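Enquirer: Here is my input, please return the structure:
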Amino acid sequence: ARDVAPPLAVVPAQLPAGVAAFVGRTAYLSRLDALLRDGADERHDPTIVTITGTAGVGKTSLALRWAHHARRSFPDGQLYVDLRGFDPEATSASPSEVLHAFLHALQVPAQRIPAMPAAQSSLFRSLLTDRRMLIVLDNAQNADQVRPLLPGAAGSMVVITSRNRLSSLTVIEGAHPMHVDLLTTGEARKLLANRLGAERAGAEPDAVDEIISHCSRLPLALAIVAARAAANPGFPLAVIANELRAARGGLDAFDGDETFTGVRAVFSWSYRALDPRAARLFRLLSLHPGPD
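Expert: Presented below is the predicted three-dimensional model:
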């Protein structure tokens, strides 16, 4: 049996609320469950999972859904941070900034937190030894941003979300990669039914399918359109489908009232993070004629 670290006076429980009307993703959730079971075996290394995918595909909602489901498997607590890797309005979180917050959550007095980032990371790993904690590192920009935040021994599990593949974490740290795809058509229908009510969605199945098509089965886009429809309960869904059709594939019809609920804005953050050569390639690809 593993040694037990001294209990914390206050067990960290930092997971934010999950996304409303979560649907599907059963294969991904099952795989995370399997990795949790495998990580419970006698191992020398922590279990690390990278959840990657395009903007708006639901990486964070998946990570939080599973984390809330699995939190009782981590009696020493759950740590969470938004690393702001693609936030246009704030700089990305530095490892030192995050370590300060995590060490504080682990009840290290401010005067005992080392000034040097490497020493902070060493202290963090020491405190996690013989503890069973879940660490969710959301919206990571690259592997260097998360490496100092990784435990050094088995027992804890780390779930990282990013729009980038973070392949070096798989190569060096043995992370388990999980690339999230679009919703299936059935999952997209269920999302709209959950948000709008089964009766309203069931009354206009053709309009629902057209909305799903125009939203490209992206959860964020579907949620924004559903919010608009819910705010206008007298609107036929066919009217909203026509509005999306009139947009001719543009993203303006998807824009929410706030920065974080505008699909155009969310995709632009990924574009701004590209280096100049990759950004030019992205612009050239957008000129290629296609079905959209």
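Enquirer: how about the strands in the stretch 151-292 of the chain?
Expert: Under the criterion DSSP state E, counting those that start in this stretch, the stretch 151-292 of the chain contains strands at 157-162, 176-179.
Enquirer: Of those, flag the one that's most buried.
Expert: Comparing these on average neighbours per residue, with mean count of other C-beta atoms under 10 Å, the densest one is strand 157-162 at a mean of 25. Any C-beta I mention is one placed from the backbone N, CA and C, and that applies to glycine too.
Enquirer: what are the pairing partners of it, and which direction each?
Expert: For strand 157-162, the paired strands and their directions (DSSP bridges) read strand 47-52 (parallel), strand 134-138 (parallel).
Enquirer: returning to what we had before: for my notes, please list the strands of the stretch 151-292 of the chain in a markdown table and give mean pLDDT and distance to residue 105 for each entry.
Expert: Listed next are the strands of the stretch 151-292 of the chain as a markdown table, based on pLDDT from 0 to 100; distance: least, C-beta to C-beta, whole Å:
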| stretch | mean pLDDT | distance to residue 105 |
| --- | --- | --- |
| strand 157-162 | 98 | 15 |
| strand 176-179 | 97 | 25 |
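Enquirer: any chance of these in JSON lines, plus distance to residue 12?
Expert: JSON lines is the format used below for those (distance: least, C-beta to C-beta, whole Å):
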{"stretch": "strand 157-162", "distance to residue 12": "14"}
{"stretch": "strand 176-179", "distance to residue 12": "24"}
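Enquirer: Now the terminal residues of stretch 108-120, how far apart.
Expert: Stretch 108-120 has an end-to-end distance of 11 Å (criterion: C-alpha to C-alpha, to the nearest Å).
Enquirer: could you redo the strands paired with strand 157-162 as TSV and give each row mean pLDDT, distance to residue 126 and mean neighbour count?
Expert: Shown next, in TSV, are the strands paired with strand 157-162 (pLDDT from 0 to 100; distance: least, C-beta to C-beta, whole Å; neighbours: other C-beta atoms under 10 Å):
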stretch	mean pLDDT	distance to residue 126	mean neighbour count
strand 47-52	97	19	24
strand 134-138	98	15	24
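Enquirer: wait, which of those is closest to residue 150?
Expert: Of all those, strand 47-52 sits nearest to residue 150, with 6.6 Å by C-beta to C-beta.
Enquirer: Quick one: name whatever helix or strand follows the closest one.
Expert: The helix or strand immediately downstream of strand 47-52 is helix 59-70, counting by DSSP states H and E.
Enquirer: So what touches that following helix?
Expert: Residues from elsewhere that reach helix 59-70 (C-beta atoms under 8 Å, 6 or more residues apart in numbering): 15-19, 22, 25, 28-29, 32-33, 36, 51-53, 78, 80, 134, 136, 138-139, 159, 161-163, 180, 219.
Enquirer: Let's see it as PDB, backbone CA atoms only.
Expert: C-alpha atoms of helix 59-70 as PDB (Å, rounded to 0.1, in the frame of the first residue of the first chain):
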ATOM      1  CA  LYS A  59     -12.500  20.200 -25.200                       C
ATOM      2  CA  THR A  60     -13.000  22.100 -21.900                       C
ATOM      3  CA  SER A  61     -16.600  20.800 -21.500                       C
ATOM      4  CA  LEU A  62     -15.400  17.300 -22.000                       C
ATOM      5  CA  ALA A  63     -12.500  17.700 -19.500                       C
ATOM      6  CA  LEU A  64     -14.800  19.200 -16.900                       C
ATOM      7  CA  ARG A  65     -17.600  16.700 -17.400                       C
ATOM      8  CA  TRP A  66     -15.200  13.800 -16.800                       C
ATOM      9  CA  ALA A  67     -13.400  15.600 -13.900                       C
ATOM     10  CA  HIS A  68     -16.600  16.100 -12.000                       C
ATOM     11  CA  HIS A  69     -17.500  12.500 -12.600                       C
ATOM     12  CA  ALA A  70     -14.100  11.200 -11.400                       C
END
